[in-house]
Structure formats: structure tokens, C-alpha cells
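Participant: next come a sequence and a model predicted from it.
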2 protein chains.
Amino acid sequence: MSLELIAQNKSFAGWHKQYRHVSRTLGCDMRFAIFLPPQANDGPVPVVYWLSGLTCSDENFMQKAGAHQLAAELGLAIVAPDTSPRGSDGLDNAGNPIADDDSYDLGQGAGFYVDATQPPWNDHYHMYSYVVSELPQLIASHFPVSDKKALMGHSMGGHGAITIGLKNAQHYTSVSAFSPISNPMNCPWGEKAFSHYLGNNRDDWKAYDSCELMSAIEDASGYPPLWVDQGLADNFLTEQLKPEALQRAAEKVNYPLTLQQHDGYDHSYYFIASFIAQQLRFHAQYLR
Amino acid sequence: MSLELIAQNKSFAGWHKQYRHVSRTLGCDMRFAIFLPPQANDGPVPVVYWLSGLTCSDENFMQKAGAHQLAAELGLAIVAPDTSPRGSDGLDNAGNPIADDDSYDLGQGAGFYVDATQPPWNDHYHMYSYVVSELPQLIASHFPVSDKKALMGHSMGGHGAITIGLKNAQHYTSVSAFSPISNPMNCPWGEKAFSHYLGNNRDDWKAYDSCELMSAIEDASGYPPLWVDQGLADNFLTEQLKPEALQRAAEKVNYPLTLQQHDGYDHSYYFIASFIAQQLRFHAQYLR
């Protein structure tokens, strides 16, 4: 597993770096970004994985979230993968095109952190396995990181962070999300993506629905604590995000969920930047 | 002078807003962004004007600099204009095209904060007068701002901030820059822009060259203090930026210049974000 450095920028005495690598899981070239705090010069540091939302790449969070300052202070690495397979110029390593769609909420930039089972998506769209297995192995083998990991994400990536955290509870100390798609089985974004990636049997969708996964928990005591920030002026709140469904599921099984709702804030990175420090401090207490 | 609100986002308990307006100075529609700190709800706040670099619009600084957190804490508004006339779809309000060039360092996105004297640029390229006069009048008439103003900028915008500050010393409490084009008369970016905008008589260029303007000062005591941050891994340092020329000019006339050089940092917004807090604190002490 070799890495090709694409770019690097010193940032808050640490380093932001972008890499390209051949992903066996996705069958194509992939890019990711990593922030390494200055403490990484002296020994292993814990890692927070950030999963981005629809249309994003490895760049949005690193450029817009304003997370480097506190990550450098707390000694946290942050890894941001892309949001779908993309390959090089849309081709995989055999020269075959990676499936895509003209709409912003399906195909490239919209992998939804699932392992697709339906053609044409099942050739490359295995973002769940990429984020759960290949990417952390790659990071552990190339960077000075400890085995402590946390998960964060925004919108589609908030859905990714919560579902991956619930399905791999022992791997993550803590999980957080901004404006997550909390109940994708019951919203237009999720129904569209799941029907294409997973087929029309809605029972198959439950394996990737935060509310379904949480409701099925018998004893929440072994699960990572969950923190969610939600803006109340978010245009997608009622139709797509549905934090109240997640809250009901959490109450039902006594899941350790902190849901913070913020008057006037929208779905943008300005909202994320405003509260990223709180989420990083939340993770830091468990990652130490 | 009316404003059209294009977008707004709550950010750190303040507001980021984008507006469109008809500029008389430039003869076309223009956009700018403003950050209003929460203190603006209670009364007038001072304003820091940010001038961006080549290729940028009103958006880059607001999205990438991570400045809102401290501006909200210090009670500073920040205004970021575009970097050239652009109009609407490249047309002015009479439907005539705004001059442009295929290269990134001339024409739209590259106004260089001068009043052009040469055709075709002299029809709309009056960014100097726009930033010095029309924009502050517009801001003062529409927002709760005090008459205290400071200037910051990056690269081409650093050149803009320093030259505008030196030519209008009484208007600004303080000036700062990241990686400014310090001596545009003697670098490729500046020579190209000035020859097109101002003509081939190099004597005419001196009115927009920080080193020339500073060297001509007889008594620096009435001038705004100047702070400059420069990354030492900046690809443009030697050929385009030349901070040592500015430092020599400042020493010659005892100009109050603080030049901070930073090992390993480049020309990107990661560098700006890393040191924006220092520059905002520098301005805050004079703006209070």
C-alpha cells in the first residue's frame, strides 16, 4: 500500500497533506487529506476521521472548518477521505469508467458510506468497507498514529459517522455529527441513494440507517458516546435530516446522545466552524 | 446606493452576509462579503477591510481564513470586496463587456487595486477608488459601523492594503498584510499589471508601489503602523514578493513595520489561517 503525496501545507505548526493511493476496496485511485498536529513529531497521536457531505471531496473540511488550530492544540490528527470512488478522470485502474449520475445526490460525490450491492454501483461503491477497514489500515501503516480513533461527519457524512460507529462500536472511542441524515430510510436523499445502491428491498436498508441500528441495541453501555449539533435554520432539517427520529431512538435504548440545537444556524461550513471546537474537545476527552 | 442581499450565514453568533450593488466607481454590479460580529447588535463596531489576492472573489477569505471566531470575540466587522470589476456575467450595466484577459494575473480577478488609465482597462478598472471611497461610504451608510477602519490583505491584496494605507494614512488606524507583493514595479506580476493598467511610463507606477511610497515619506510619525507576515516556504517569495525591499524602505524612513517571517509556511490560506489571530489582535489594539 503506497502513498503519493499530492500537496502539503504547514498549518498551525502542523501539516496538512493530500495523498493519492490505489484502493483495493474501491478498485480505483483515491485521494485523502490528513492534518498532522505538531505532537506527531514526538510520537503517536489519536486520529479523528471526518466524513464529508454530498458533493464534497477531501478538501472542503480542511479548507473551511477551521479545525486545525484546536487539533494542533489538542494533539489530534484528522483524516478526511473523499465521499465516493472517483478514480483518475473518472476511470478505474483498468481504464473502465466509474459509475456516475448527473444529479448531485447520487454517484460520484455521493457514496453514502455504504457497500453497494446493485449494478452498476457495486463495481466500485464500497465506501463503508473503505472507511471501516482499508483507510485506517493505510493511515496506521504510514503515519505516527495511536490505535485510538474517533468519527465525525456532516450531513451525508454525519449519517456515515453514526452508522459506522454503531456497527463498529469497539473501534471508536466517540462519534459526533453536524446535521446528520439521521433516518435515511425515511427521507428523499436516503431513499434515492439506498434504492440505487442497495436495491428496492427496504429491509436491506436497515443496516445503514442510524435510527434502525440504534433501536436494535439491547445494551447501549458498550457503545461510543454520540454528540450531534444541528442548526435550526437548516433548509434540510425537516425533510432530510430528522434529528428528532434519532433522539427518539436514543431515548428508547438509553443511548448516550447529546443533541445540541442552535438557533439561526444553517447547513453550511460556517455552522461547522462555529462548533467544531466543541466537538473536538468532546472527542479529545475519550481519545486521551 | 442600495444593496441586494445574496446570502447570509450565522457564524460564531455573528453573521456572514454577501451583497450585490451597483458600483458607480466601477460602472458595473459588484459583490462584497461582510462579517458582522454579535456586538454589532448593540452599537457601532470598527471595520477591518480585507483585500484578496489574484483569482480570488469576495468568498475566499470568509470561507478559508478562520477569522470569524476572533472577530466575534474582539467585536470587529470584516469587509471583503471582490478583486476586480466583474459585473453580471462579465457585462456592465449598459450591457457592454468588462475587459478581461485569459491569464490569471491580468483582468478579472486581478484588479491590483489601481485606477487604470489605459484602454480597455480604464472603462471599469478603478479598484483603488472603489476601495478607498465608494465601498467605505456604502458600508457606513448600511451597517452599524464606527469610523475606525483598518486594512489587511494577501499577496496582490497585501500590495493593495499597504499602498492604500500609505496614500490615505489618516483614514486607517493600522495596516497589515500576508505575503504582500511589496515592490510591484520590480517583479513580473506587477510589471505585467502596471504596464497594462497604467501604461509604459514607469514613473506613473510609483504611485502604486509600496516601496516607492514608503521611501518618499519625510516623517513617518503620522502613518498607520504596519504588520507583515511572510512564509519562508512561499514559492513566490524571491521573484514576486520581495519583503526585504519593503524592510529596507521602512528602515530608511523609520516606518513602524513589524515583519514576521515563518519557517515552512507557504502562500496558501493555511498560512493565513495560522496567523490571522495575531493580525486581528494587532488591529484591535488600535481600533478600540
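Facilitator: Right, received. Where do you want to start? Numbering: from 1, shown residues only, chains lettered A, B, ... in the order given.
Participant: drop to CA atoms for contacts and neighbour counts, all remaining ones
Facilitator: Will do.
Participant: roughly how far does the residue nearest to the spatial centre of chain A sit from A:Gly90?
Facilitator: When C-alpha atoms, centre = their mean is applied to chain A, the residue found nearest the centroid is A:Leu51 (2.1 Å). Look at A:Leu51 and A:Gly90: by C-alpha to C-alpha, to the nearest Å, they are 21 Å apart.
Participant: A:Ala80: what's it in contact with?
Facilitator: A:32-34, A:49-52, A:58-59, A:61-62 (C-alpha atoms under 8 Å, 6 or more residues apart in numbering or on different chains).
Participant: would a markdown table of these with secondary structure be doable?
Facilitator: Formatted as a markdown table, the contacts of A:Ala80 follow (DSSP: H, G, I helix; E, B strand; the rest coil):
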| residue | secondary structure |
| --- | --- |
| A:Phe32 | strand |
| A:Ala33 | strand |
| A:Ile34 | strand |
| A:Tyr49 | strand |
| A:Trp50 | strand |
| A:Leu51 | strand |
| A:Ser52 | coil |
| A:Asp58 | coil |
| A:Glu59 | coil |
| A:Phe61 | helix |
| A:Met62 | helix |
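Participant: out of these, which one sits closest to chain B?
Facilitator: A:Met62 (9.0 Å; C-alpha to the nearest C-alpha).
Participant: for that closest one, which residues are in contact?
Facilitator: A:Met62 makes contacts with A:16, A:33, A:35, A:68, A:80, as judged by C-alpha under 8 Å, 6+ apart.
Participant: would you agree the fourth one is in contact with A:Ala13?
Facilitator: No: taking C-alpha atoms under 8 Å as the definition, A:His68 is not a contact partner of A:Ala13, at 9.5 Å.
Participant: those two: who's more crowded?
Facilitator: Comparing A:His68 with A:Ala13 by neighbour count (other C-alpha atoms under 10 Å in any protein chain shown), the higher total belongs to A:His68, at 29 against 21.
Participant: state the pLDDT value of the spatially closest residue to that one that is not a sequence neighbour.
Facilitator: Distances taken as C-alpha to C-alpha, 6 or more residues apart in numbering or on different chains place A:Phe12 nearest to A:His68, at 6.6 Å, with adjacent residues excluded. Predicted confidence (pLDDT) for A:Phe12: 98.
Participant: burial measure for A:Phe12, as a count.
Facilitator: Counted with other C-alpha under 10 Å, residues neighbouring A:Phe12 total 23.
Participant: repeat for A:His142
Facilitator: Look at A:His142: counted by other C-alpha under 10 Å, it has 11 neighbours.
Participant: which ones are touching it?
Facilitator: Going by C-alpha under 8 Å, 6+ apart, A:His142 touches no other residue.
Participant: that one and A:Leu3, how far apart?
Facilitator: 8 Å.
Participant: one step back: identify the contacts common to A:His68 and A:Ala13.
Facilitator: With C-alpha under 8 Å, 6+ apart as the test, A:His68 and A:Ala13 both reach A:Pro37.
Participant: read off the pLDDT value for the nearest residue to A:Gly109 once chain neighbours are set aside.
Facilitator: In this structure, A:Gly109 finds its nearest non-sequential neighbour in A:Thr55, 4.5 Å apart by C-alpha to C-alpha, 6+ apart. On pLDDT, A:Thr55 comes in at 97.
Participant: so what's the spatially closest residue to A:Glu59 that is not a sequence neighbour up against?
Facilitator: Of all residues not flanking A:Glu59 in the chain, A:Ala33 sits nearest, at 7.0 Å (C-alpha to C-alpha, 6+ apart). Residues near A:Ala33 by C-alpha under 8 Å, 6+ apart: A:16-19, A:58-59, A:62, A:79-81.
Participant: mind redoing it with 6 Å?
Facilitator: Going by C-alpha atoms under 6 Å, 6 or more residues apart in numbering or on different chains, A:Ala33 touches A:17-18, A:58, A:79-80.
Participant: any bit of the longest helix seen in chain A sitting next to chain B?
Facilitator: Taking DSSP state H as the criterion, chain A has its longest helix at helix A:269-287. Yes: shown here: helix A:269-287 in contact with chain B (C-alpha under 6 Å from any C-alpha of the partner chain) through A:270, A:274.
Participant: and A:Leu51, how far is that from B:Glu251?
Facilitator: 50 Å.
Participant: with A:Asn168 instead?
Facilitator: A:Asn168 is 62 Å from B:Glu251, by C-alpha to C-alpha.
Participant: try A:Val79
Facilitator: 45 Å.
Participant: neighbour count: those two, which is higher?
Facilitator: More neighbours surround A:Val79 than the other of A:Val79 and B:Glu251, with 25 against 13 (other C-alpha under 10 Å).
Participant: right, and the helix or strand after the helix or strand harbouring that one?
Facilitator: Element membership for A:Val79 (DSSP states H and E) is strand A:77-81. Downstream of strand A:77-81, the next assigned helix or strand under DSSP H and E is helix A:127-129.
Participant: I would like the residues contacting that following helix, please.
Facilitator: A:113-115.
Participant: now, among those, which is nearest to B:Asp209?
Facilitator: Taking C-alpha to C-alpha as the measure, B:Asp209 sits nearest to A:Tyr113 out of the contacts of helix A:127-129, at 52.7 Å.
Participant: need the contact list for that closest one.
Facilitator: Contacts of A:Tyr113 (C-alpha under 6 Å, 6+ apart): A:127-128, A:160.
Participant: which one (most neighbours) among the residues you listed?
Facilitator: A:Gly160 (34 neighbours).
Participant: what sits against A:Leu36?
Facilitator: Each residue near A:Leu36 by C-alpha under 6 Å, 6+ apart is listed here: A:14-15, A:77.
Participant: top of those by neighbour count?
Facilitator: A:Ala77 (29 neighbours).
Participant: correct me, but the residue nearest to A:His68 touches B:Phe275?
Facilitator: No: the pair A:Phe12 and B:Phe275 fails to qualify as a contact (C-alpha atoms under 6 Å) at a distance of 8.0 Å.
Participant: returning to that earlier point: the longest helix of chain A: how far from the chain's middle?
Facilitator: 14 Å (C-alpha atoms, centre = their mean, to the nearest Å).
Participant: so what's the gap between the strand holding A:Val79 and the chain middle?
Facilitator: Worked out by C-alpha atoms, centre = their mean, strand A:77-81 lies 10 Å from the chain centre.
Participant: what's the mean pLDDT across it?
Facilitator: Here the average pLDDT along strand A:77-81 is 98.
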